[in-house]
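can't give you the sequence, but here's the structure:
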Ligand code: NAD
């Protein structure tokens, strides 16, 4: 199967590398306005394939996306010094208004997986452009949302308790950003509620340890950006996982961002993360987990922040 990646920067190349290691596609086409960067990344990645899987990796143009099952979007303008979020979004809006129709002209049946930030607002924008220009259903546009935050939450819980992170089931909901909601009340390990499990293995979850984990999850990007300028490995692996559930029609449950209206009464659609079932035709179900009063209030606040950002900034 052929897949495309738009944006050959740190995130785009990390996605491609994870896809090569996972062996989830036969052909990866990398597109960037900086063609020499895309060429160099493709050549470097091709040299990883003999150690991993038989994948053709190449730099390409939009028409090379013909027949692509999915296209991942990791392009974007970086914030300039002194630039407001509104200015940055406007520049990004102009970029996506050009990119999306070109992808869909070449590959009208493709799914669009979005990583570019602010991912919830950009996913809204991409879904809107895809619907307007090519009548694409919103269920075929999937924002990476809180997949990375969910992974960070699981990794930090696992580290605290001392179990495999594959045994931890826990989700982060809402915005991919400061207002995200760590769904503590629904977290389980080995089908046992997290608090109960933690107490049984003598690693109790105190207020202090919860606050520490919250900080490690919510502030992760700030710390990593301070240390190395950007984050890419986590989202690279996460996007490859997302691509795998689509390409293999796994119907896996992941916390991705997608347009949703009617959540607690508001009419306007907003993109935020909830657990969703994802397979070869995109999102087939959106689930609302049981929440405590406190979690529900926090999720409504996160939704309100995204509603304001989306509709004030883009409409
Ligand atoms: P980067 O600057 O390294 O790469 C961006 C690439 O986009 C550049 O190579 C640039 O040439 C390309 N580009 C810009 N405009 C283009 C256009 N019109 N057509 C084609 N290519 C174009 O940035 P990065 O570190 O790779 O980050 C990419 C995006 O991913 C950012 O928006 C970043 O915030 C986001 N990100 C998201 C997550 C997440 O969890 N969703 C995590 C990390 C980063």
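The structure has been received and is ready for your questions. Since the structure is predicted, the reported quantities are computational estimates derived from the model, not experimental observations.

hey, let's count contacts and neighbours off CA atoms from now on
Fine.

below-threshold pLDDT in this structure: ranges please.
78-82, 84-86, 265-266, 313-315 (pLDDT under 70).

so which residues on it come close to the ligand?
6-12, 32-34, 74-78, 95, 115-117, 119, 144, 148, 230-232, 235 (C-alpha under 6 Å from any ligand atom).

can I have the buried ones of those residues as a PyMOL selection?
Typed into PyMOL, the line below selects the buried ones among the residues of the chain next to the ligand, using 16 or more other C-alpha atoms under 10 Å:
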select buried, resi 6+7+8+9+10+11+12+32+74+75+76+115+116+117+119+144+148+231+232+235
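
okay, and which of the residues of the chain next to the ligand map to strands?
Among the residues of the chain next to the ligand, the ones falling in strands (DSSP state E) are residue 6.

which stretches of the stretch 201-315 of the chain form strands?
Assigned by DSSP state E, counting those that start in this stretch, the strands in the stretch 201-315 of the chain fall at 252-260, 270-279, 282-286.

next, format the ones you listed as a markdown table and append mean neighbour count.
Below are the strands of the stretch 201-315 of the chain laid out as a markdown table (neighbours: other C-alpha atoms under 10 Å):
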| stretch | mean neighbour count |
| --- | --- |
| strand 252-260 | 24 |
| strand 270-279 | 25 |
| strand 282-286 | 18 |
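
export those to CSV and tack on distance to residue 63?
Formatted as CSV, those follow (distance: least, C-alpha to C-alpha, whole Å):
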stretch, distance to residue 63
strand 252-260, 27
strand 270-279, 25
strand 282-286, 23
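
of all the ones you listed, which one comes closest to residue 174?
Of all the strands of the stretch 201-315 of the chain, strand 270-279 sits nearest to residue 174, with 4.8 Å by C-alpha to C-alpha.

elements contacting the closest one?
helix 119-134, strand 172-173, helix 233-247, strand 252-260, strand 282-286, helix 293-314 (3 or more C-alpha pairs under 8 Å, 6 or more residues apart in numbering; DSSP states H and E).

show residues contacting that strand.
Identification of contacts with strand 270-279 by C-alpha atoms under 8 Å, 6 or more residues apart in numbering yields 120-121, 123-124, 145-146, 171-176, 245-261, 283-289, 303, 306-307, 310.

if we use 7 Å, what do you get?
Contact with strand 270-279 is made by 120-121, 123-124, 145-146, 173-175, 245-246, 249-261, 283-288, 303, 306-307, as judged by C-alpha atoms under 7 Å, 6 or more residues apart in numbering.

same thing with stretch 232-248?
If you take C-alpha under 7 Å, 6+ apart as the criterion, stretch 232-248 is touched by 10-11, 14-15, 18-19, 24, 144, 147-148, 251-252, 278-280, 282.

ok, now stretch 46-60?
Contacts to stretch 46-60, defined as C-alpha under 7 Å, 6+ apart, come from residues 20-21, 23, 25-31, 38-39, 42, 45.

of those, buried ones?
The buried subset of those (16+ other C-alpha under 10 Å) comprises 20-21, 23, 25, 27-31, 38-39, 42, 45.

out of the residues you listed, who's nearest residue 195?
Distance to residue 195 across these (C-alpha to C-alpha) is lowest for residue 21, with 35.6 Å.
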